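In: structural data only, the sequence is not supplied:
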């Protein structure tokens, strides 16, 4: 199977432990995007003017640091932090932050919105320029003031290793793991939408279906257990 390269090794290790042959390759690249709004947002976070900070990817933490605003410099004492999944939460903690909320069931913005606490206040969501809108729209509909800011851009990699291209085109992969909509777009553009997909989260599944991948089986989270279970369904059928 083909797995997009991830800093967290747990998923690849779990797949191999389950007997899968795994090729890992970078399918997307991320580039920080300077923004004239970011210094003001950082000052307001550090000054206690937001109730929540939402991190929608582990890379957001890296992008903030590369843009001159390491996470630890943004953290007011009463700020609550939400993360869309375990890998993002681990990145937050590794940079001196804390995590007050993660999805109860699943992963991603839609899953986080489903167990967002009642109340009102201000929420900061720095992230990808092309971020999905389910979470900010859901919070706004409940009365929260949301400030969303694009701080990095996601693009397909320029090229893939010839061995990966040859294996894909010869039917050598039983499945592609799609961890984000951008991964599905990159695979479709670079390789073609010709391999069954294990899609992590609702947005990944919807994007994979939109692009025409022949079969899409959802995994609730990027945990080894959930992805292996979905892969079993793909291979069985």
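Out: Yep, it's here. None of these values were measured; they are calculated from a predicted model.
In: what sits against residue 56?
Out: By CB atoms under 8 Å, 6 or more residues apart in numbering, the residues touching residue 56 are 84, 88, 109, 125, 127-128, 131, 135. Just so you know, the C-beta spots here come from the backbone N, C-alpha and C atoms, and that holds for glycine as well.
In: what residues sit buried inside whichever helix or strand residue 139 is part of?
Out: In this assignment (DSSP states H and E), residue 139 forms part of helix 134-141. The neighbour-count check on helix 134-141 (16 or more other CB atoms under 10 Å) flags 134-136, 138-139 as buried.
In: pLDDT and distance to residue 198 for these - can I get that in JSON lines?
Out: Output for the buried residues of helix 134-141, formatted as JSON lines (pLDDT from 0 to 100; distance: CB to CB, whole Å):
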{"residue": "134", "pLDDT": "87", "distance to residue 198": "21"}
{"residue": "135", "pLDDT": "92", "distance to residue 198": "23"}
{"residue": "136", "pLDDT": "94", "distance to residue 198": "27"}
{"residue": "138", "pLDDT": "94", "distance to residue 198": "26"}
{"residue": "139", "pLDDT": "95", "distance to residue 198": "29"}
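In: domain-wise, how is this structure divided?
Out: What automatic domain parsing lists as the domains of the chain is 2-27+157-236, 31-154.
In: picking that back up, now, which of the buried residues of helix 134-141 sits nearest residue 183?
Out: Residue 183 lies nearest to residue 134 out of the buried residues of helix 134-141, by CB to CB, at 17.7 Å.
In: which ones are touching the closest one?
Out: Residue 134 is in contact with 109-110, 113, 203, counting by CB under 8 Å, 6+ apart.
In: what of residue 175?
Out: Contacts of residue 175 (CB under 8 Å, 6+ apart): 1-2, 195-198, 231, 234-235.
In: let me see the contact set for the closest residue to residue 109 other than its chain neighbours.
Out: Using CB to CB, 6 or more residues apart in numbering and skipping the chain neighbours, the partner closest in space to residue 109 is residue 135 (3.4 Å). Applying CB under 8 Å, 6+ apart to residue 135 gives the contacts 54, 56, 109-110, 112-113, 125.
In: do a quick rundown of the helices in this protein.
Out: For the chain, the helices defined by DSSP state H occupy 10-17, 38-46, 58-66, 86-94, 109-114, 134-141, 162-169, 181-190, 202-211, 224-236.
In: report the buried residues of the shortest one.
Out: For helix 109-114, the neighbour count (16+ other CB under 10 Å) marks 109-113 as buried.
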